[in-house]
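Novice: When you get a sec, could you give me coordinates for this:
(2 chains)
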Amino acid sequence: MNAMTAPVNDSLPPEVLDLLNSKDGTAFEQALDAMVRQREQHLFRALGVLARDLHGAVSRLGSDLANGGMPDSMVHARNHLAEVLEMSSQAAHRSLDFVDRIRPEAEALSNNANAVLDFNSSETDPAAVLARQAQVFASACCEGLNDMVLVQSWQDLAGQRVKKVVSFIESVESSLLELVRLTGALAGREAPVEVAKVNSQDEVDRLLSEFGF
Amino acid sequence: MKILVVDDFSTMRRIVRNLLVELGFSNPMIQEADDGHNALAMLKANAFDMVVTDWNMPNMTGIELLQAIRAEPKLKGLPVLMVTAENNREQIIAAAQAGVNGYIVKPFTANTLKEKLDKIFERLAASGASA
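Specialist: Numbers count the residues shown, from 1 in each chain, chains lettered A, B, ... in the order given. Alright, predicted model coming up:
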């Protein structure tokens, strides 16, 4: 303090000014320590509140993640999306089954109509007229079935988007679990093995149980 | 002609198979794989004349499959047609640089498939590499 020869700032609190002007070195140091301790206590109290809040939030998050039955849980969301994929795939396959079943019938109708017209190409005979109509219908039918097959490719396109959302949810889930792991480690518990990716509910539960969630 | 259709969606494999049959290819000669990894194993084990592959697949993507095919002396001349939802510039350029023979963006029509296949076979015939 001897090196500080500059005038003391008048805006300082009187007790600090008194201390600075005091000749009693021991009293000065004790008072300074007391002030620092008081400040530290405020800081530690604030940090404590923050840590408790964080731990509470992460605990709730951990139990949400572990509880697969919660409607808004990540696991549930992923399962729902997997169901959407499965249902749309089944619907597309059923449409394709229908095409597979009807196409040969349309082709057979066209062939039969051709056979009729081979020996009866009259413009007025009802059988020939019907055969021509059948030909037109069978051709339109085949064209429509081809379109129907192509339209099913939207299932694949929609499915790819759903898969992207699933992988996004997985990455969020992984990050949240990593947060749970880190806060557990900060709270003095031993850090578990690295969580690269959590694939199953069992793994989620196992990981969380290491921290008492 | 033996064709391998590679896609992780069974619907899409079935659609491509259906269209190929419509275009006159033999149904029993069309085989399917659900990712690039399985496709590569099938290509190494059996002789195929063409590959129709998706891009986005687990384990091994379509572009990785294409690169693996071009890197394999026994397979490098195999025609590869990509049928994919990936339509951004970089990806199309990457496929071209990796040596793709044709590129179709989903959804597509039977005519587009026919056009691209015809073009592939024309080029192969012109280069004298046609099987």
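Novice: What count of nearby residues applies to A:Val75?
Specialist: When neighbours are counted by other C-beta atoms under 10 Å in any protein chain shown, A:Val75 registers 19. C-beta coordinates here come from the backbone N, C-alpha and C atoms, glycine included.
Novice: is chain B contacted by the one helix or strand it maps to?
Specialist: According to DSSP states H and E, A:Val75 maps onto helix A:74-119. Yes: using C-beta under 8 Å from any C-beta of the partner chain, helix A:74-119 reaches chain B at A:Ser89, A:Ala92, A:His93, A:Leu96, A:Val99.
Novice: Excluding covalently adjacent residues, which one is nearest to residue 106?
Specialist: In the absence of a named chain, chain A is used. A:Cys141 (4.1 Å; C-beta to C-beta, 6 or more residues apart in numbering or on different chains).
Novice: Switch to chain B, please.
Specialist: With C-beta to C-beta, 6+ apart as the criterion, B:Lys106 has its nearest non-adjacent residue at 4.8 Å, and that residue is B:Ala85.
Novice: so what's that neighbour up against?
Specialist: Applying C-beta atoms under 8 Å, 6 or more residues apart in numbering or on different chains to B:Ala85 gives the contacts A:Asp156, A:Leu157, A:Gln160, B:Trp55, B:Asn56, B:Val105, B:Lys106.
Novice: Just the buried subset of those, please.
Specialist: Listed as buried from these are A:Asp156, A:Gln160, B:Trp55, B:Asn56, B:Lys106; burial here means 16 or more other C-beta atoms under 10 Å in any protein chain shown.
Novice: Nearest residue to the middle of chain B?
Specialist: Per C-alpha atoms, centre = their mean, the C-alpha nearest to the average position across chain B is that of B:Val52, at 2.0 Å.
Novice: So which residues of chain B form strands?
Specialist: Secondary structure of chain B by DSSP state E: the strands cover B:3-6, B:30-33, B:50-53, B:80-84, B:102-105.
Novice: Mind putting those strands into a markdown table with mean pLDDT?
Specialist: Output for the strands of chain B, formatted as a markdown table (pLDDT from 0 to 100):
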| stretch | mean pLDDT |
| --- | --- |
| strand B:3-6 | 97 |
| strand B:30-33 | 96 |
| strand B:50-53 | 96 |
| strand B:80-84 | 92 |
| strand B:102-105 | 90 |
